[in-house]
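Engineer: I'll drop the sequence and a predicted model, then ask my questions.
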Amino acid sequence: IISMFEDLWLKVQEFILTLLRSFQNLSIVQRLVLAFCIIGIIPGFYLAKYSAFALWNLSYKDEIIVAQPAFVEAKELEIGRVGIINNGNGLYSVYAKVKNPNLDLAFQNGRYEFLFYNGSKQKIDSATGSFSLLPNQESYVIASRVAVSDPIISATLETQNLNWQKRPEIPNVRLITPEPDGYNSLNPLAFITEGAVINQSPYRLGSVRLVYLLLDQSDAIIGAGDRLEFNLNPNERRAYVQQWPNIYKEQVARVIVKAETNALDGNNLILPKNNSDGSDLSRPEVNNF
């Protein structure tokens, strides 16, 4: 074994001596070129590696799967004037029009709070609730029949927890509210509206919100309210009756009734097993007031 090792070591030494003699026989130019090549092996390797990577990346950039944010910034919710309606007997209705200006963003379970102030600009009460908006949807948030000890002179609306989401597919939910009938009632003394909401979708809806607006001859809102209807079946027509104390038919020029449901909540939309028409996932029609 020692003899084999010595023979191997002699061969290595002979090889090194041969290289040295060959190097000494080279001209100065050849020596410089050889030294440059040896020194440039490592940077040349990395240059070739990253150049090839950049070339392949450029060739397949359209097929590379990368994670990107769904959106960068959402437009702020548009809030209209806060209106106050004195219903008499210390009861008020407060409303505000809200609009989602984003064409591809929505949110659900956002929170709102009305703050009520008296003539001295002191806060006397508040009312809270939740709401959802689809892309480019307009709606009203309403605090109905607010009972306060001091008259409400002004009010503001604050919102929070608007968790914007980009939802490429939103189930199609079509709700129809034909123009209601209106008449005066003597017992109780009030204006009555009777109508219906029709669920023209394949889904059973857990809850549907009805928004009522009464407008006078100048298109000013003189009555505002809302209510919830539950478990509205596909193609069901659900009748409703709404009373408006201290308002009479002669004061009302138009009655607007809109139906809304949370199409973003999968638990709110149930597709019956025997229904074969539930494949429509297009964006729902938006109720614009």
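Structural biologist: Here it is on my side, so go on.
Engineer: residue closest to the middle of this protein?
Structural biologist: Closest to where the C-alpha atoms of the chain average out (Cα atoms, centre = their mean) is residue 106, at 2.0 Å.
Engineer: what sits against that residue?
Structural biologist: Residue 106 makes contacts with 100, 132-135, 137, 164-165, 167, 170, 264, as judged by Cβ atoms under 8 Å, 6 or more residues apart in numbering. From N, CA and C alone the C-beta is placed, and that goes for glycine too.
Engineer: and if we set it to 7 Å?
Structural biologist: Each residue near residue 106 by Cβ atoms under 7 Å, 6 or more residues apart in numbering is listed here: 100, 133-135, 165, 167, 264.
Engineer: same question, residue 207
Structural biologist: Contacts for residue 207 (Cβ under 7 Å, 6+ apart) come out as 228, 230, 261, 268.
Engineer: how about 8 Å then?
Structural biologist: Contacts of residue 207 were listed using Cβ under 8 Å, 6+ apart, and they are 228-230, 261-262, 268.
Engineer: Next, residue 202: secondary structure please.
Structural biologist: Counting by DSSP: H, G, I helix; E, B strand; the rest coil, the backbone at residue 202 sits in coil.
Engineer: low pLDDT regions in the stretch 151-289 of the chain?
Structural biologist: Along the stretch 151-289 of the chain, the parts satisfying pLDDT under 70 run over 275-289.
Engineer: wait, which of the contacts of residue 207 is closest to residue 59?
Structural biologist: Nearest to residue 59, judged by Cβ to Cβ, of these is residue 262 at 45.8 Å.
Engineer: Could you report the neighbour count for that closest one?
Structural biologist: The tally of other residues near residue 262 (other Cβ atoms under 10 Å) stands at 22.
Engineer: Run through the bridge partners of the nearest residue to residue 246 once chain neighbours are set aside.
Structural biologist: Counting by Cβ to Cβ, 6 or more residues apart in numbering, residue 88 is the residue found nearest to residue 246 once chain neighbours are left out, at 4.7 Å. Going by DSSP bridges, residue 88 is paired in beta bridges with residue 91.
Engineer: tell me the secondary structure for residue 30?
Structural biologist: Quick answer, by three-state DSSP: residue 30 is helix.
Engineer: could I have stretch 111-122 exported to CSV, CA atoms only?
Structural biologist: Extracted in CSV, the C-alpha atoms of stretch 111-122 (Å, rounded to 0.1, in the frame of the first residue of the first chain):
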residue,chain,number,x,y,z
ARG,A,111,-70.8,48.3,10.9
TYR,A,112,-72.5,51.7,11.0
GLU,A,113,-73.5,54.0,13.8
PHE,A,114,-75.8,57.0,13.8
LEU,A,115,-75.0,59.6,16.4
PHE,A,116,-77.9,61.9,17.5
TYR,A,117,-77.4,65.5,18.8
ASN,A,118,-79.8,68.0,20.3
GLY,A,119,-79.9,71.8,19.8
SER,A,120,-76.9,72.3,22.0
LYS,A,121,-74.9,69.9,19.9
GLN,A,122,-74.8,67.4,22.7
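Engineer: What residues of it count as buried?
Structural biologist: 112, 114-118 (16 or more other Cβ atoms under 10 Å).
Engineer: what do you get for stretch 195-205?
Structural biologist: Buried, per 16+ other Cβ under 10 Å, within stretch 195-205: 195, 197-199, 201-205.
Engineer: now stretch 243-262
Structural biologist: Under the neighbour-count criterion of 16+ other Cβ under 10 Å, stretch 243-262 has 244, 247, 252, 255-262 buried.
Engineer: What are the boundaries of the helices in the stretch 1-150 of the chain?
Structural biologist: Secondary structure of the stretch 1-150 of the chain, counting by DSSP state H, counting those that start in this stretch: helices at 2-24, 28-39, 41-59.
Engineer: coming back round to it: let's have the buried residues of stretch 195-205 in JSON lines, adding distance to residue 76.
Structural biologist: What follows is these, written out as JSON lines (distance: Cβ to Cβ, whole Å):
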{"residue": "195", "distance to residue 76": "34"}
{"residue": "197", "distance to residue 76": "31"}
{"residue": "198", "distance to residue 76": "34"}
{"residue": "199", "distance to residue 76": "33"}
{"residue": "201", "distance to residue 76": "31"}
{"residue": "202", "distance to residue 76": "35"}
{"residue": "203", "distance to residue 76": "31"}
{"residue": "204", "distance to residue 76": "35"}
{"residue": "205", "distance to residue 76": "29"}
